[in-house]
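Novice: Structure, please.
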Amino acid sequence: MFSKKLCNNLHLRIKKVYFNQSFILFSGGIVSLTIIIVILIVFIIIFFIILLFRSLKKRVLLSRAEDEILKGENKIAEKKLLEVLQEDPENWEAIKNLSLLYLKNKSYHQALKYLEKALSVPNVLSNWNQSEILFSAGLAAKNLKKYQLAIKYFLMAAGMNSNDPEALKQIAMTYFALEQYDKADTYFKKCYALRDSTKFEKEFIKSFGINCYFLLKYSDSEKLLNSYIQKYPGDVEALAYYGLDLYYLDKKEESIQYLKYGVQLPKTRAESFFLLGEIFFEKQDFDSALAFYLKASQTRNCPKELYLSSLYSIAQIYVNLNKINDAVSYWNKIYEVNPRYRDVSEKISTFSALTSDARIRQFSLANRNDATNICKKIVINTIGQSTITDIEYQDDSMIDFLVSKSKGSKMMVILFRFIRNTDKIGEITVKEFYLKMKEKQASRGIIFSIGILSEAARDFIALRPIEYFDRSELSRVLQKIL
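Specialist: Numbers count the residues shown, from 1 in each chain. So this is what the prediction gives:
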């Protein structure tokens with residue numbers, strides 16, 4: 001009995017102890033959990049504070065950047081916008097403002113980089129009008145002369161708004177820059193159909209007029225360019241193409257004053273010289289016509305057909321002046337380039353009996369001693385009294401003379417080259433001559449030859465201080481001295 005009671009008491013004590021320990025453990029767990037929760041809340045608060053700080057910082061930077069742009073402080077604005085992008089690479093406001101800032105400052109490489117990034121970032125596309133991004137990217141590419149890329153962006157922009165006159169204008173202008181005149185014409189017309197509601201910039205009207213010229217629509221081109229030069233009478237390019245239009249519309253006398261603007265531009269120079277030659281040839285003013293034809297044929301990068309036409313007309317003038325030798329000389333030049341050109345072969349055959357030039361033959365076949373004496377006389381006839389400091393025979397057919405001539409208080413060094421065979425003179429020959437000029441420190445070079453210059457050789461000497469006297473000019477000099 002006593003044992004049973006003792007056991008019950010012991011059991012009660014154990015239960016009490018166990019309960020107390022459990023309570024203590026439970027209380028400790030609650031405290032630990034509370035501490036963890038508090039720590040988490042603190043971290044969350046800190047995290048949100050950091051996010052808020054960053055957001056406020058970006059907002060402040062963006063706001064300040066916009067202020068700097070308005071003040072014209074573009075470098076400072078750029079720095080702040082780049083700082084925003086460093087924190088948030090897909091921030092649409094920073095990408096937009098930076099793209100437009102680069103575009104405004106004509107930093108087209110950078111502008112295109114960020115505009116293309118804008119097209120790949122959903123956050124930007126959802127906040128910035130996509131057609132505006134595409135149009136801006138087209139402008140950047142066009143200014144970088146990446147015309148095919150520009151066309152791609154402008155067409156995409158126009159696809160989003162088929163009646164957007166700005167996109168249509170840029171498509172027309174870009175196709176014009178690519179010299180795809182038919183395609184350009186399609187878009188020029190689309191734009192022109194909107195003329196009642198659209199303002200056209202001066203460059204657009206001029207380009208439209210010139211585009212019509214290249215499509216042989218001379219009447220349309222003349223009307224457009226006429227309206228343009230009324231407002232901008234000093235635009236040489238517009239005046240040049242207006243003169244070409246007038247000529248082809250058979251207003252030749254009126255075209256003369258405008259073609260004289262055309263000779264100032266590389267793109268229209270050869271054609272303008274040639275057409276002036278045609279006008280004065282028709283008037284029987286052979287001296288003026290000859291001068292213009294010669295300038296056309298000597299123009300750098302003169303189109304082949306225009307070059308041959310100029311030589312043919314020069315030959316015809318010499319026929320009219322009864323200078324058959326000179327005429328045959330120019331027919332031979334044409335024959336060297338294209339033996340089937342018009343009736344050149346027939347003319348050479350017909351007049352060949354009249355081309356025997358005893359002086360040219362004497363010069364070509366003379367021995368070294370006689371040839372040297374003839375060359376000395378040519379030097380004196382060309383530049384007057386001077387001192388020959390060196391004579392060098394390249395071979396029996398080519399002689400170089402190094403000559404010194406006083407000019408005021410200075411001494412000028414001139415290198416002469418006489419080529420006595422009838423072979424065509426290639427680019428290698430004139431390049432070697434120019435290098436020799438540099439080596440001898442000659443400020444001027446003069447070449448006399450019986451043969452003709454190749455097209456490449458003619459282009460090479462056109463930009464260098466080298467004068468060239470062909471067979472006909474050599475013949476005239478020989479006539480004086482022999």
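Novice: Just to check, residue 174 is in contact with residue 146?
Specialist: No. The pair residue 174 and residue 146 does not pass the contact test of CB atoms under 8 Å, sitting 9.9 Å apart. Glycine gets a C-beta too; all of them are placed from N, C-alpha and C.
Novice: The two: which has the busier surroundings?
Specialist: Shown here are residue 174 and residue 146; by other CB atoms under 10 Å, residue 174 has more neighbours (27 against 17).
Novice: other SSEs contacting whichever strand or helix holds that one?
Specialist: Counting by DSSP states H and E, the element that carries residue 174 is helix 165-177. When contacts are defined as 3 or more CB pairs under 8 Å, 6 or more residues apart in numbering; DSSP states H and E, helix 165-177 sits against helix 130-143, helix 147-160, helix 181-192, helix 202-214.
Novice: okay if I get those as CSV plus mean neighbour count and distance to residue 249?
Specialist: Putting those into CSV (neighbours: other CB atoms under 10 Å; distance: least, CB to CB, whole Å) gives the following:
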stretch, mean neighbour count, distance to residue 249
helix 130-143, 22, 32
helix 147-160, 20, 31
helix 181-192, 18, 19
helix 202-214, 21, 11
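Novice: any chance of those helices in CSV, with mean pLDDT and distance to residue 168 too?
Specialist: Formatted as CSV, the helices and strands packed on helix 165-177 follow (pLDDT from 0 to 100; distance: least, CB to CB, whole Å):
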stretch, mean pLDDT, distance to residue 168
helix 130-143, 93, 11
helix 147-160, 92, 6
helix 181-192, 92, 5
helix 202-214, 95, 10
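Novice: Quick one: the ones you listed as a markdown table, columns for distance to residue 319 too.
Specialist: Formatted as a markdown table, these follow (distance: least, CB to CB, whole Å):
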| stretch | distance to residue 319 |
| --- | --- |
| helix 130-143 | 51 |
| helix 147-160 | 47 |
| helix 181-192 | 38 |
| helix 202-214 | 33 |
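Novice: for those helices, which one sits closest to residue 347?
Specialist: helix 202-214 (33.2 Å; CB to CB).
Novice: what does the helix or strand that the closest one is followed by contact?
Specialist: Sequence-wise, the next helix or strand downstream of helix 202-214 (DSSP H and E) is helix 218-231. Helix 218-231 is contacted from outside by 202, 205-206, 208-213, 235, 238-239, 241-242, 245-246, 248-249, using CB atoms under 8 Å, 6 or more residues apart in numbering.
Novice: Show the low-confidence segments of this structure, by residue range.
Specialist: Counting by pLDDT under 70, the chain contains low-confidence residues at 1-31, 33, 38-74, 322, 349-356, 361, 365.
Novice: What segments of it are strands?
Specialist: Assigned by DSSP state E, the chain shows strands spanning 387-395, 398-407, 410-419, 444-449, 466-469.
Novice: can I assume residue 247 is in contact with residue 262?
Specialist: No. Residue 247 is beyond contact range of residue 262, at 9.6 Å (criterion: CB under 8 Å).
Novice: And these two? Which one has more around it.
Specialist: residue 262 (26 against 23).
Novice: what separates the more buried one from residue 218, distance-wise?
Specialist: 14 Å (CB to CB, to the nearest Å).
Novice: List the residues that contact residue 265.
Specialist: Counting by CB under 8 Å, 6+ apart, residue 265 has contacts 236, 237, 240.
Novice: so which of the residues you listed is the most crowded?
Specialist: Neighbour tally across the contacts of residue 265 (other CB under 10 Å): the maximum, 26 neighbours, falls on residue 240.
Novice: What sits closest to that residue if chain neighbours are left out?
Specialist: residue 262 (3.7 Å; CB to CB, 6 or more residues apart in numbering).
Novice: Correct me if wrong: that neighbour contacts residue 274.
Specialist: No. Between residue 262 and residue 274 there is no contact under CB under 8 Å: 10.1 Å.
Novice: Please report how far the residue nearest the centre of the chain lies from residue 174.
Specialist: Note on the chain: the residue nearest the mean C-alpha position is residue 145, at 7.8 Å, using CA atoms, centre = their mean. Distance, residue 145 to residue 174, by CB to CB: 10 Å.
Novice: Could you do residue 197 as well?
Specialist: 22 Å.
Novice: next one: residue 325
Specialist: Taken as CB to CB, the span from residue 325 to residue 174 is 52 Å.
Novice: now swap in residue 378 and tell me
Specialist: Separation of residue 378 from residue 174 (CB to CB): 55 Å.
Novice: Check residue 476 too.
Specialist: Residue 476 is 52 Å from residue 174, by CB to CB.
Novice: Residue 80 now?
Specialist: Relative to residue 174, residue 80 is positioned 34 Å away (CB to CB).
Novice: Equivalent analysis for residue 79, please.
Specialist: 33 Å.
Novice: Hmm, residue 142 and residue 150 touching each other?
Specialist: Yes. Contact status for residue 150 versus residue 142: in contact at 3.9 Å, counting by CB under 8 Å.
Novice: Common neighbours of the two, please.
Specialist: Shared contacts of residue 150 and residue 142 (CB under 8 Å, 6+ apart): 170, 174.
Novice: could you list every residue that touches the nearest residue in space to residue 313 that is not next to it in sequence?
Specialist: With sequence-adjacent residues excluded and distances taken as CB to CB, 6+ apart, residue 313 is closest to residue 293, at 5.0 Å. Going by CB under 8 Å, 6+ apart, residue 293 touches 273, 274, 277, 281, 310, 311, 313, 314, 317.
Novice: want to throw those into CSV with neighbour count and distance to residue 190?
Specialist: Shown next, in CSV, are the contacts of residue 293 (neighbours: other CB atoms under 10 Å; distance: CB to CB, whole Å):
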residue, neighbour count, distance to residue 190
273, 26, 37
274, 24, 35
277, 26, 39
281, 20, 42
310, 26, 40
311, 24, 43
313, 22, 42
314, 27, 46
317, 20, 48
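Novice: In helices, which of the residues you listed appear?
Specialist: Secondary structure defined by DSSP state H assigns 273, 274, 277, 281, 310, 311, 313, 314, 317 of the contacts of residue 293 to helices.
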